[in-house]
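K.L.:
Below: sequence and its predicted model.
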Amino acid sequence: MKIVIFGANELACLIATKLFEDHDIIIIDDNPNNNSDSFEKLDLEYIQGSGSNINVLESVGIKNADIFIACTNNDEANIVACLTVTNMTKLKTVCFVSKKENVESLSLVRGSKYQKGLMIDYVLWPEELMTQEIFRIITVPNAVDVEDFANGKARLLEYRVVESTKFINKKIKDCSFPDETLIVGITRDNTLFIPNGDTELLLNDKVIFMGSSYSLDILASKFFQETNDVKQVTIIGGGSVGLMLASNLEKANYKIKIIEFDYKRCEELTEQLKNTLVINGDGANFELLEEERVAESDVVVSVTNNDEKNLLCSLLAKQLGVSKVITRVSKNANANLFEKVGIDVAISENGAAIDDIENHLIKTDIEILATVERGQGEVLEICVPHNFKHDMIMNLNIPCKAIIAIIQRRNRVIIPKGTTQIMPFDNLIIFTTKDNSNIIKDFFKR
C-alpha cells in the first residue's frame, strides 16, 4: 500500500517505523527541521510542504495512494488536509485530533447526521483510545491487558507473576488451570515468546491467557483475585483523560477521587462529575497522598500530560502500598522503562492509536484483532478456505510457533484441544508473534 503521512512528529515517526517495511511511505511536513533526522534510517520519502497544498499533494502522487494520515500537532491543519485530499481523490483519510470538541463537531465524518459532499473516513482521538484501554484494565482486577473476542464470549487476559502467585516456578503442564483456558504467550525480560508445556512460569513473567470468558473468570478468582474486586480508584490528573475515565467509572459505580493541581479545572470537574471527589492539590506531594488516604485505593491511575510527573506520582503511590498503578506515557520509548522500575501498567496514547490504525485500516489478507506487548504479539482472525483438508490441530504441522486459541463455527465458540478438528469455513483466532503473521496466512491458504 502507498501511505501518505502529513506531519513529522513523534507520532508520525512511530507510524512510519511500524509500517515502512511492508508499505510505501511518504512523509509531508512544512517545517524542514521538524524531526527529519528521525526518518533518515527509514526507507521512505520525505517532502517539504503542506498536506493541504494541492500542488504538494499532486507532486507526491496522491491520486495513486491508498491512505492519507494527517497527524500534525494542529487539529485544524489535520482537518483541512483531510478534506482537501477527500476533494481530490477517493482514498481513505485518517484525521488525528486532540480535542473533544473537534471530535463532536466534525459533522463531516462519513455516516454522520449532517454529512455533505466532503467527508473524513476516520477520526482518531488517541486519548480516548487510551482511556478505553485503561478502563478495561481497571475493571478486570490484577490484569495488565484485556481484549474481548467473539462478541464477548472469549477473551485475552494478561497477568504478571508475583511472589504470591500460586503457580510460580511451576511448569505449565503441572498447573491445574480451568478447562477452556490456554496460555498463549509469555513476556520475559521484555521479550515475548510462545511457551510449551515444559515452560516454567517465573517471577515477573507476564503471562497471556486466552479462552472462554467464563473459564477466565474462574481463572481470575482461583489464581489472581487475592483481594476483593476493585472498588476505589484514585486518578491523578484531571485533564481530558482523567475526566473521561472518571465519567466511565462513575457509570460503573466505582468510588473515585481525582487529584488536580489547577483550581479552575477542579471547578470544571466538579460541575461535570456527580459522584467523584475532586481534590485540589499536587499528586506528587507525598503528604497530600497520605492525608487523602490514597493508600486505601485499589488502583491509582496517573494521567497528567507530563511523563516525569506521572512516573513520580506512580512511584509514590507504590511506596504507599497501592497494589495496582497504571501510568500514562506520552513518549512511547518510556513505556518499558516505567514497567522496569515497578509500574504495573504503562500505556501510551500514541501506541493505542497506532494499534488501531494497524488493526483496522491497513488491509491485509489477515485481520489483526489485537496486538499485545507493544506489537510483539498479534491476535489474528483467519477464515479456513473451503478446500482446506479436515484435520486435527495436532496433525496440522504449522511451520511456526502459533496457537489456535478460539474457533468460531457458525454460532458456536470452541476453545480447542489438540484433537479438535479444523473444518472449512471455521473462523480461527490465532495467537502468534508479529514475524509469523504471513507464515500463518500462507499456511491456511494452501
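P.N.:
Thanks, I have the structure now. Numbering: from 1, shown residues only.
K.L.:
Could you list the single helix or strand in the protein with the lowest mean pLDDT?
P.N.:
Within the chain, no helix or strand scores below helix 100-105, which has a mean of 74 by mean pLDDT, DSSP states H and E.
K.L.:
right, and the helix or strand after it?
P.N.:
Scanning forward in sequence from helix 100-105 by DSSP states H and E, the next helix or strand is strand 122-124.
K.L.:
What lies in contact with that following strand?
P.N.:
Strand 122-124 is contacted from outside by 92-97, 103, 106, 109, 353, 356-357, 361, using Cβ atoms under 8 Å, 6 or more residues apart in numbering. C-beta coordinates here come from the backbone N, C-alpha and C atoms, glycine included.
K.L.:
what's the closest of the residues you listed to Q48?
P.N.:
Among the contacts of strand 122-124, F96 lies closest to Q48 (Cβ to Cβ), at 20.4 Å.
K.L.:
what sits up against stretch 205-217?
P.N.:
So stretch 205-217 is contacted by 144-145, 148, 152-161, 177-188, 201, 219, 372-373, 377, 379, 403, 405-406, 413, 415, 429, 431 (Cβ under 8 Å, 6+ apart).
K.L.:
Next step: these restricted to helices.
P.N.:
Counting by DSSP state H, the contacts of stretch 205-217 place L219 in helices.
K.L.:
out of the contacts of stretch 205-217, which are buried?
P.N.:
144-145, 154-161, 177-178, 180-188, 201, 219, 372-373, 377, 379, 403, 405-406, 413, 415, 429, 431 (16 or more other Cβ atoms under 10 Å).
K.L.:
any weak-confidence spans in the stretch 51-200 of the chain?
P.N.:
Along the stretch 51-200 of the chain, the model assigns pLDDT under 70 to residues 104-118, 141.
K.L.:
in it, which spans are strands?
P.N.:
Assigned by DSSP state E, counting those that start in this stretch, the stretch 51-200 of the chain shows strands spanning 67-70, 92-96, 122-124, 143-149, 154-160, 181-188, 191-193.
K.L.:
closest to T17 out of those?
P.N.:
T17 sits nearest to strand 67-70 of all these, at 13.6 Å, using Cβ to Cβ.
K.L.:
could you say what helices and strands the closest one packs with?
P.N.:
Applying 3 or more Cβ pairs under 8 Å, 6 or more residues apart in numbering; DSSP states H and E, one finds that strand 67-70 contacts strand 2-6, helix 75-88, strand 92-96.
K.L.:
need these in TSV with mean neighbour count and distance to C266, can you?
P.N.:
Formatted as TSV, the helices and strands packed on strand 67-70 follow (neighbours: other Cβ atoms under 10 Å; distance: least, Cβ to Cβ, whole Å):
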stretch	mean neighbour count	distance to C266
strand 2-6	25	37
helix 75-88	20	26
strand 92-96	25	29
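K.L.:
Is it possible to get TSV of these that adds distance to I168?
P.N.:
Putting the helices and strands packed on strand 67-70 into TSV (distance: least, Cβ to Cβ, whole Å) gives the following:
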stretch	distance to I168
strand 2-6	44
helix 75-88	48
strand 92-96	42
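K.L.:
wait, which of these is closest to T270?
P.N.:
Taking the helices and strands packed on strand 67-70 one by one with Cβ to Cβ, helix 75-88 is closest: 27.0 Å.
K.L.:
now the closest one and strand 2-6, what's the angle there?
P.N.:
140 degrees (axes from the mean of the first three to the mean of the last three Cα atoms, to 10 degrees).
K.L.:
contacting residues for C266?
P.N.:
238, 260, 278-280.
K.L.:
got the end-to-end distance for stretch 200-219?
P.N.:
18 Å (Cα to Cα, to the nearest Å).
K.L.:
starting at the chain centroid, how far to it?
P.N.:
The gap between where stretch 200-219 is centred and where its chain is centred comes out at 19 Å by Cα atoms, centre = their mean, to the nearest Å.
K.L.:
just stretch 437-446 next, same as before
P.N.:
Centroid separation for stretch 437-446 versus its chain: 25 Å, with Cα atoms, centre = their mean.
K.L.:
Then stretch 282-295?
P.N.:
That offset, for stretch 282-295, works out to 30 Å (Cα atoms, centre = their mean).
K.L.:
per-residue confidence averaged over it?
P.N.:
Mean pLDDT, stretch 282-295: 95.
K.L.:
List the buried residues for it?
P.N.:
For stretch 282-295, the neighbour count (16+ other Cβ under 10 Å) marks 283-284, 288-289, 292, 294 as buried.
K.L.:
ok, which pair from those is furthest apart?
P.N.:
The span of the buried residues of stretch 282-295, defined through Cβ to Cβ, is set by A284 and E292 at 13.1 Å.
K.L.:
pretty sure I5 contacts A12?
P.N.:
Yes: between I5 and A12 there is a contact under Cβ atoms under 8 Å: 5.1 Å.
K.L.:
Give the residues shared as contacts by those two.
P.N.:
What both I5 and A12 touch, as defined by Cβ under 8 Å, 6+ apart, is the set 27, 69, 71.
K.L.:
Can you add neighbour count and distance to I47 and give those back as CSV?
P.N.:
CSV is the format used below for those (neighbours: other Cβ atoms under 10 Å; distance: Cβ to Cβ, whole Å):
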residue, neighbour count, distance to I47
I27, 28, 7
I69, 28, 14
C71, 26, 15
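K.L.:
out of the residues you listed, which one sits closest to G242?
P.N.:
C71 (23.3 Å).
K.L.:
mind giving me the domain split of this structure?
P.N.:
2-124, 232-353, 362-445 (automatic domain parsing).
K.L.:
mind checking the end-to-end distance for the longest one?
P.N.:
This means domain 2-124. End-to-end distance (Cα to Cα), domain 2-124: 20 Å.
K.L.:
so where's the stretch 201-350 of the chain shaky on pLDDT?
P.N.:
Using pLDDT under 70, the flagged stretches of the stretch 201-350 of the chain are 225-229.
K.L.:
those strands in it, which residues are they?
P.N.:
Assigned by DSSP E, counting those that start in this stretch, the stretch 201-350 of the chain shows strands spanning 206-212, 232-236, 255-260, 276-280, 299-302, 324-329, 345-348.
K.L.:
Can you convert the ones you listed into CSV and add a column each for distance to D435 and mean neighbour count?
P.N.:
CSV is the format used below for the strands of the stretch 201-350 of the chain (distance: least, Cβ to Cβ, whole Å; neighbours: other Cβ atoms under 10 Å):
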stretch, distance to D435, mean neighbour count
strand 206-212, 17, 24
strand 232-236, 37, 25
strand 255-260, 41, 24
strand 276-280, 44, 19
strand 299-302, 33, 29
strand 324-329, 25, 26
strand 345-348, 22, 24
